Structures are given as C-alpha cells and as structure tokens.
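1. below are the sequence and a predicted model; questions follow.
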Amino acid sequence: MTRRIFVTLALGVSMLCVTAPISAQDTATPAPIDAKTKAEGLKNWAKVHEVFSHPRCASCHVADGRPMWMGNGDMKPIKHPMFVGGDPDNQTGQPGALCTSCHGPKSSQTEGGPPGADVWLLAPKEMVWFGRSSAQICAQIKDPERNGNRTLADISTHIREDELVHSGWKPSKGRDPAPYSIAQTAGFFTAWMNTGAPCPTESSSE
Ligand code: HEC
Ligand code: HEC
C-alpha cells in the first residue's frame, strides 16, 4: 500500500522533471520573426563568427587534441610543435609536457614566448571551430550536447567572464589580438540571440 503510493508519487515527480526543461528551452531561442529580423541576426552572427574563427580563439578549439599555431606575421597554420597534445580527450597536455608547464598566468611579452592565463587548456573536442564553416560553428554553439550544456544567455556570460576567452585579446608578443573587444563581442552575441539566433546556410558567404 505505502509502496504503491510511493511509486505513483515517484512517477508524478519524474514526469514533472521531464516536461519542465523542454518548455524552458522553447523560450530560450524564439523563432525569427521576419526576414528583416533574420537578416539583422545574420549580420550579428557574422561578427561573432569573425571572432570565433580568429586564430586567437580557433587555435584552442580543435578536434584532434593538437592546438594550432597561427598568425605570427604571414605564418601558415601549423600544429603546435614540441610534441604537444595528440589525444583528443586530453585537454591539459601529456605528463611531462602539461600545457601549464610552459603557459604561465600571463601572456609572455618576449618574442616567441607562450600566451597565458591562470588556467591554460584545450577546449573539449566537441567545441571544434578550427577548419569548420560558419554554419557548422553556429549549429555547434546552439547545441547543448556540444556547448557544455549552456543556454545562449550562458554563452554570452561566458564571453564576458571567462579568462581563456579574454586571453584572445591579450596575446603574446608578435600575435594580433582577436577583433573587436570583449564587450562588443558579447554585445553582437546577445543581439544575435535576441533576433532568434539564425544560422547561415552552408552555401551563404557569411
Ligand atoms: C614545451 C612548452 C609548451 C607546452 C607543453 C605547450 N605549449 Fe603552447 N606554446 C608554447 C610556446 C613557446 C608558444 C608561443 C610560440 C610563438 O609565439 O611562436 C605556444 C603557443 C600556443 C598557442 C598560441 C597559438 C596561436 O595561434 O595563438 C596556443 C593556443 C597553445 N600554445 C596552446 C597550448 C595547449 C592547449 C597546450 C597543452 C595541450 C600547450 N600549448 C602546451 C609552448 C608550449
Ligand atoms: C587556451 C585555450 C582557449 C582559447 C585561446 C580560447 N578558448 Fe574558448 N574554450 C576553452 C575551453 C577549455 C572551453 C571549455 C570551458 C567550459 O566548458 O567550461 C572553452 C569554451 C568556450 C565557449 C563555450 C561554448 C562553446 O560551445 O564553445 C565559448 C563561447 C568560447 N570558448 C569562446 C572563446 C573565444 C571567443 C575565444 C577567443 C577570443 C576563445 N574561446 C579562446 C579554451 C580556449
């Protein structure tokens, strides 16, 4: 008898838990209202994409566990030398060559010195941006399974507050910072989110 009541209660509670997050998600990304709003949204996304695909960001957002080196003068992108990385599931480096054994809390201002932050590690492999199209990055950023289970509002906060993100604007000597500023990038992101977060199609130039 008590067991039966318990089962009924447990069922009821679990059904509540299942329905609640779904309705919360529906309101998180409202559908674009009209073509003009969508065009506005795509314009803001193009700016966000300019930042996300910039070497100061994409160098750490890789799929194969190997950070990239890009953009020193006219240097072509190369994989991080010195046998760094190689295991897609290892974000912090190999024993004996941990990221933090070379990357300190601040970006070096000596030519050829490493950039830094208090913690320095690769982005998880599912957050891959290097070599991906704008449409692919846009789809990834909206997918809670691949964005660290974040809402778009959480991502805007992450841009505003995360130290690794900010490292893109405080590079080591000889490397260009990411375009715009932290506040502008978070602003483009929020404006994009508020216009229904539209994504470009594969064939569009954005
Ligand atoms: C043996 C030392 C060493 C280790 C270990 C190391 N790095 Fe580096 N890293 C460097 C140096 C030195 C530079 C700067 C090179 C330059 O400016 O020419 C650098 C540059 C970088 C850059 C800048 C590239 C760019 O295009 O902005 C990234 C990103 C990076 N490392 C990520 C990592 C990550 C992630 C790890 C751990 C998985 C790691 N590094 C481990 C020495 C190291
Ligand atoms: C040193 C490596 C590194 C650099 C450089 C870096 N990131 Fe990341 N990024 C990470 C890590 C690690 C995570 C995962 C953090 C987490 O989930 O808590 C991440 C996650 C993110 C996320 C969360 C959502 C997602 O799906 O990607 C955003 C947004 C982001 N980074 C933006 C940026 C931007 C913008 C730049 C450049 C201005 C940048 N990052 C540069 C390592 C880096």
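-> Received the coordinates, thanks. Ligands and ions are numbered 1, 2, ... in the order given.
2. rest of the way, CA atoms for contacts and neighbours
-> Fine.
3. ok, which stretches of the protein are strands?
-> Applying DSSP state E to the chain gives strands spanning 68-69, 78-79, 93-94, 97-98.
4. so G104 sits against D118, correct?
-> Yes. Using CA atoms under 8 Å, G104 is in contact with D118, at 6.9 Å.
5. rewinding a little: out of the strands of the chain, which comes closest to I159?
-> strand 68-69 (20.9 Å; CA to CA).
6. how about the residue positioned nearest the centre of the chain, what does it touch?
-> Residue closest to the mean C-alpha point of the chain, counted by CA atoms, centre = their mean, is M127 at 5.9 Å. Residues counted as contacts of M127 (CA atoms under 8 Å, 6 or more residues apart in numbering) are H61, V62, A63, Q140, I141, R146, N147.
7. ok, L164 to E202 distance?
-> Here the criterion is CA to CA, to the nearest Å. By it, L164 lies 29 Å from E202.
8. on that earlier part again, comparing G104 and D118, which residue is more hemmed in?
-> G104 (16 against 12; other CA atoms under 10 Å).
9. still on that earlier bit, how about the strands of the chain in CSV, adding distance to ligand 1, mean neighbour count and mean pLDDT?
-> Below are the strands of the chain laid out as CSV (distance: least, CA to the nearest ligand atom, whole Å; neighbours: other CA atoms under 10 Å; pLDDT from 0 to 100):
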stretch, distance to ligand 1, mean neighbour count, mean pLDDT
strand 68-69, 4, 19, 95
strand 78-79, 9, 14, 94
strand 93-94, 4, 18, 90
strand 97-98, 4, 15, 91
